[in-house]
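Visitor: Build me a structure from this.
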Amino acid sequence: MNSGTTLPVRAPGADLGDLLDVDAVSALILAGERLLLAGDEALLARLPRGTWIGGTIPYFVAADGGTSSRERLFCTRLPAEVEVDSIRLYDAASLAHVCADAPAEGFSVMILPAFSEVHSLFARNAPNYEDMYLKPLIGWIAGVHLDDLGRATPKVFDGSRGEGCEERAVVLHARLPEPRYARIEIVNLFRPGSGPGLRFTDKGFSAAKVLVDGVEQDFAAWLRRQGSDTRLPLVADYCGAMVNVSIKSVEAGRVDFYAPVFPDIEYRIAAPIDDYVARFLAALPADVPPVTFSCNCILNYLYSNLEGRHTGPMRGPATFGEIAYQLLNQTLVYLTIEG
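Guide: Sure, this is the predicted structure:
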């Protein structure tokens, strides 16, 4: 290890996350810090065992703005008041217990590998898990560099075991002292556009047919006829919260999504956004407490040209999906500790 490495100092109330090299992160782990990490697989695999979890992704919104790096890790240091209850790996059989396993007072951070079975199961079934929405659950979907799609596999890491996985979720369960509590918020700039209502006959990550104002259509052909901008997600109103489903690809006879659609929900294609950063900063509450963790979507990073641009106090990985209790797309999620 480079003995000349200077570790960042956390000022009280300071934003806790930024990009660090492997030596700096290793020193933090060996010093007993509890960390949430994001970065290239080769970097995560070099780290010593300790109290940390991580996932692969090389895109970040950091102190210097949006950036891509295969040489540094985004490091979020948990505040001293947070007690790590456990770090667990969940497979397809145990995933439904993720909230039931969480402490009654605290929060959990989950990282899922993109395109895995646990990713699909969580996306489809999370709203029905025991204790879901009763215990704060936040996190993200690990991915890869876009140049490596189809060649590299997203992975998550359990730092306590020094183990990387491509078919299991990793979760850090944390406790908070009374009267402190965790609060999860989302920032979603997308709103339903003025186009027709869209409904699907089955739930899933793809759809061949769609009901457009009640009339069945070939969805891919309909999108092409409309000249739809597929960078815009489908948006649905989930009991007052706007939830996005991003379009992954449009093939002949099929449209693939980054999150599932459901048959009992009406969707509309989102209205366009002119200046993402300006709208995003305007959407943030004026009195946001110090942010413990946040992440944004890789599609927001790409489509809104966030490279080199700042998004206020929100720093973190730019991911293949976001978790705020359930799976989200093209949404920023963040966690604060209050009380």
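Visitor: Where does the prediction get shaky in the stretch 1-150 of the chain?
Guide: Scanning the stretch 1-150 of the chain for pLDDT under 70 picks out 1-16.
Visitor: need the strands for it, in chain order.
Guide: Using DSSP state E, counting those that start in this stretch, the strands of the stretch 1-150 of the chain run over residues 17-20, 35-39, 52-56, 59-62, 65-68, 73-77, 83-90, 106-113, 137-142.
Visitor: Compare those and give me the one nearest residue 197.
Guide: Closest to residue 197 of the strands of the stretch 1-150 of the chain is strand 137-142 (C-beta to C-beta; 27.8 Å). (Glycine included, C-beta is placed from N, CA and C.)
Visitor: Which helix or strand lies directly C-terminal to the closest one?
Guide: Scanning forward in sequence from strand 137-142 by DSSP states H and E, the next helix or strand is strand 156-158.
Visitor: what packs against the following helix or strand past that following strand?
Guide: Downstream of strand 156-158, the first helix or strand assigned by DSSP H and E is strand 163-165. Secondary-structure packing of strand 163-165 (3 or more C-beta pairs under 8 Å, 6 or more residues apart in numbering; DSSP states H and E): strand 156-158.
Visitor: which helices and strands sit right next to the strand it packs on?
Guide: Contact partners of strand 156-158 among helices and strands, from 3+ C-beta pairs under 8 Å, 6+ apart: strand 52-56, strand 106-113, strand 163-165, strand 169-175.
Visitor: Pairing partners for that strand, with directions?
Guide: Strand pairing for strand 156-158, determined by DSSP bridges: strand 52-56 (antiparallel), strand 163-165 (antiparallel).
Visitor: Which of those strands sits closest to residue 274?
Guide: So among these, strand 52-56 is nearest, using C-beta to C-beta, at 31.9 Å.
Visitor: Next, work out how far apart the closest residue in space to residue 314 that isn't next to it in sequence and residue 69 are.
Guide: Once flanking residues are discounted, residue 314 sits nearest to residue 294: 4.5 Å by C-beta to C-beta, 6 or more residues apart in numbering. As judged by C-beta to C-beta, to the nearest Å, residue 294 and residue 69 stand 18 Å apart.
Visitor: what sits against residue 196?
Guide: Contacts of residue 196 were listed using C-beta atoms under 8 Å, 6 or more residues apart in numbering, and they are 212, 213, 268.
Visitor: redo that, cut-off 10 Å
Guide: Listed by C-beta atoms under 10 Å, 6 or more residues apart in numbering, the contact set of residue 196 reads 210-215, 217, 222, 226, 266-269.
Visitor: Check which helix or strand it maps to.
Guide: Assigned by DSSP H and E, residue 196 falls outside every helix and strand.
Visitor: Over to residue 224?
Guide: Per DSSP H and E: helix 219-226 holds residue 224.
Visitor: elements contacting that helix?
Guide: strand 204-207, strand 209-212, strand 215-218, strand 247-251, strand 254-261 (3 or more C-beta pairs under 10 Å, 6 or more residues apart in numbering; DSSP states H and E).
Visitor: mind running it again at 7 Å?
Guide: strand 209-212, strand 247-251, strand 254-261 (3 or more C-beta pairs under 7 Å, 6 or more residues apart in numbering; DSSP states H and E).
Visitor: Just checking: what are the partner strands of the first one?
Guide: Sheet pairing for strand 209-212, assigned by DSSP bridges, gives strand 198-199 (antiparallel), strand 215-218 (antiparallel).
Visitor: what does the helix or strand containing residue 296 rub up against?
Guide: For residue 296, the enclosing helix or strand under DSSP H and E is strand 291-297. For strand 291-297, the surrounding residues in contact (C-beta atoms under 7 Å, 6 or more residues apart in numbering) are 15-16, 36, 61, 76, 79, 109, 138, 140, 313-319, 322, 329-337.
Visitor: Name the next helix or strand following it along the chain.
Guide: Per DSSP H and E, the first helix or strand lying C-terminal to strand 291-297 is helix 298-303.
Visitor: what about residue 85, distance to residue 70?
Guide: Residue 85 is 33 Å from residue 70, by C-beta to C-beta.
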